[in-house]
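Q: following is a predicted model, sequence given first.
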Amino acid sequence: MNHSHQENENMGAGNITKRNYLIGFILATVLTIISFGFVVFKDSLPRNTIVILLSAAALLQMFVHLYYFLHLNKSSEQRWNLIAFLFTLVLMFIFIGGTIWVMYTLNIRMM
């Protein structure tokens, strides 16, 4: 086992290979091209469908980045990183959802 691989394992990064980076890069590029295509040909589909497809492509691209570039997975080495990420998602949901809820109720009360 080489020295850099051992350092990756000690830091909890798992098995990092050029092949994984290449797969992640290709998937991210393809999803970006697909999203661009949805916007370019927006007249051929209804607006709601475009928004749903763009949101799905963005979500998929987020997971590609998390898995291939940030190396977040279900391995035991990544457990604390995954817990921290999930906690961040919960906080973002509370902050963003709370902000939208407050602004909506303020808008209703101002009408």
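A: Right, received. Where do you want to start?
Q: by mean pLDDT, flag the weakest helix or strand of the protein.
A: Taking mean pLDDT, DSSP states H and E as the measure, the helix or strand of the chain with the lowest value is helix 3-10, at a mean of 55.
Q: the residue nearest in space to the middle of the chain is in what secondary structure piece?
A: Nearest residue to the geometric centre of the chain (C-alpha atoms, centre = their mean): residue 62, 1.9 Å. Assigning secondary structure by DSSP states H and E places residue 62 in helix 47-64.
Q: same question, residue 23
A: Per DSSP H and E: helix 18-40 holds residue 23.
Q: which residues are in contact with that helix?
A: With contacts defined as C-beta atoms under 8 Å, 6 or more residues apart in numbering, helix 18-40 is touched by 45, 50, 53-54, 57-58, 60-61, 64-65, 67-69. Every residue, glycine included, has its C-beta placed from N, CA and C.
Q: and for stretch 42-58?
A: Contacts for stretch 42-58 (C-beta under 8 Å, 6+ apart): 31, 34-35, 38-39.
Q: now the buried members of the residues you listed.
A: The neighbour-count criterion (16 or more other C-beta atoms under 10 Å) marks 31, 35, 38 among the contacts of stretch 42-58 as buried.
Q: how much space between the last one and residue 101?
A: Going from residue 38 to residue 101 by C-beta to C-beta, to the nearest Å gives 30 Å.
Q: can I get the contacts of helix 18-40 in JSON lines including distance to residue 87, pLDDT and neighbour count?
A: What follows is these, written out as JSON lines (distance: C-beta to C-beta, whole Å; pLDDT from 0 to 100; neighbours: other C-beta atoms under 10 Å):
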{"residue": "45", "distance to residue 87": "37", "pLDDT": "90", "neighbour count": "12"}
{"residue": "50", "distance to residue 87": "33", "pLDDT": "93", "neighbour count": "16"}
{"residue": "53", "distance to residue 87": "30", "pLDDT": "94", "neighbour count": "16"}
{"residue": "54", "distance to residue 87": "27", "pLDDT": "93", "neighbour count": "15"}
{"residue": "57", "distance to residue 87": "26", "pLDDT": "94", "neighbour count": "19"}
{"residue": "58", "distance to residue 87": "22", "pLDDT": "91", "neighbour count": "12"}
{"residue": "60", "distance to residue 87": "23", "pLDDT": "94", "neighbour count": "16"}
{"residue": "61", "distance to residue 87": "22", "pLDDT": "94", "neighbour count": "18"}
{"residue": "64", "distance to residue 87": "22", "pLDDT": "93", "neighbour count": "19"}
{"residue": "65", "distance to residue 87": "19", "pLDDT": "91", "neighbour count": "15"}
{"residue": "67", "distance to residue 87": "19", "pLDDT": "87", "neighbour count": "15"}
{"residue": "68", "distance to residue 87": "22", "pLDDT": "90", "neighbour count": "20"}
{"residue": "69", "distance to residue 87": "20", "pLDDT": "87", "neighbour count": "14"}
